[in-house]
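Colleague: Fold the following, please.
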Amino acid sequence: MHFDEIMAQWQQTTDNNICIPSNWAQGRTVYGGLTAALIYQKMNQTVQENRPDENRPIRYFDLSYIGPLMVGEPVNIEVQLLRAGRSASQLVAYVKQQDKVCVIGQACFGIDRSSKVTVKKQINHELTVPKKANFIPQIPKVTPKFLRHMDINLQAGRLPFMHSKKDYLHGWMRFKKEVNSFNDAHLIALIDAWPCTVLQQLKLPAMASTMNWNLQLTQSASNTEPSQWLAYQATTAHAADGYVFGEAKISNEAGELLSLSRQTVGVFT
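Modeller: Next up is the predicted model:
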């Protein structure tokens, strides 16, 4: 099932429940980027219903991944509007399966405000816009199933478990099958497709799990066309005692910043 089909199904549901097909699995759980996109869409719908005459795009998004979500089983996503002020709306979401909280999301949606402060730095990624993907092929029981939906072009750093000394990943990403109209849900789903920056340093496969993911979205770049590649530059800020703190910049082909991403990842090795 294509990403757009899942999002359309989710938008039409009336009981806040959805089943995720197995081809969106990430190991034993649902792909975290898809879960985040589903939460975002429900939050965005809530904001629009509360402020139908205003445009309040998402500004930041914080997610805590508490437990695994199984594919093929009902997932319940409940969104609560905490406050809707004159310029910003704050929301929280609880993702449950079998009555257990598996993911918690918190976000802020806000209108544009006039300001004397403007700083828009061009991202000099020095990356060549690719013609095709060059990432991990689909290997049964090895490659995460969700990656079949993404095109990843790695240009700096190494693939996971290559015993590299590097701790950064630079490259490009887009959906393999062109989406209908690119929006924030697509952006959120794409960003999480990349592996943890330090997995390339390991010799053998090992488990890694995102514990917290924080996104900041600029909302000031030009519109992204469905066929365009997005640049991804991730570095390791710190890694010790089984915890990795990574950060990434996501920009378009023109070098306009789209998002800042920060993750806390537990590596079990």
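Colleague: so where's the longest helix in the protein?
Modeller: Longest helix of the chain, by residue count under DSSP state H: helix 32-50.
Colleague: Give me the packing partners of that one, helices and strands only.
Modeller: For helix 32-50, the contact count by 3 or more C-beta pairs under 8 Å, 6 or more residues apart in numbering; DSSP states H and E identifies helix 3-12, strand 58-65, strand 74-84, strand 88-97, strand 100-110, helix 184-191, strand 207-217 as packing neighbours. From N, CA and C alone the C-beta is placed, and that goes for glycine too.
Colleague: try 10 Å this time
Modeller: The contact analysis (3 or more C-beta pairs under 10 Å, 6 or more residues apart in numbering; DSSP states H and E) places helix 32-50 against helix 3-12, strand 25-26, strand 58-65, strand 74-84, strand 88-97, strand 100-110, helix 184-191, strand 207-217.
Colleague: Tell me which of these is the most buried.
Modeller: helix 184-191 (a mean of 24; mean count of other C-beta atoms under 10 Å).
Colleague: So for that one, mean pLDDT?
Modeller: Confidence over helix 184-191 (mean pLDDT, whole number) is 98.
Colleague: And stretch 213-223, by the same measure?
Modeller: Across stretch 213-223, the per-residue pLDDT values average to 95.
Colleague: Turn the helices and strands packed on helix 32-50 into a markdown table, including distance to L260.
Modeller: Output for those, formatted as a markdown table (distance: least, C-beta to C-beta, whole Å):
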| stretch | distance to L260 |
| --- | --- |
| helix 3-12 | 23 |
| strand 25-26 | 22 |
| strand 58-65 | 9 |
| strand 74-84 | 23 |
| strand 88-97 | 19 |
| strand 100-110 | 14 |
| helix 184-191 | 10 |
| strand 207-217 | 4 |
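Colleague: I'd like to know which of these is closest to Y243.
Modeller: Across these, the minimum distance to Y243, taken as C-beta to C-beta, is reached by strand 207-217, at 8.0 Å.
Colleague: what angle separates the closest one from strand 100-110?
Modeller: With axes from the mean of the first three to the mean of the last three C-alpha atoms, to 10 degrees defining the directions, strand 207-217 sits at 20 degrees from strand 100-110.
Colleague: C-terminal to strand 207-217, what's the next element?
Modeller: For strand 207-217, the following helix or strand on the C-terminal side (DSSP states H and E) is strand 230-240.
Colleague: distance between the next helix or strand after that next one and the chain's centre?
Modeller: Sequence-wise, the next helix or strand beyond strand 230-240 is strand 243-251, with elements assigned using DSSP H and E. Centroid displacement of strand 243-251 relative to its chain, using C-alpha atoms, centre = their mean, to the nearest Å, is 12 Å.
Colleague: Nice, that's everything, thank you.
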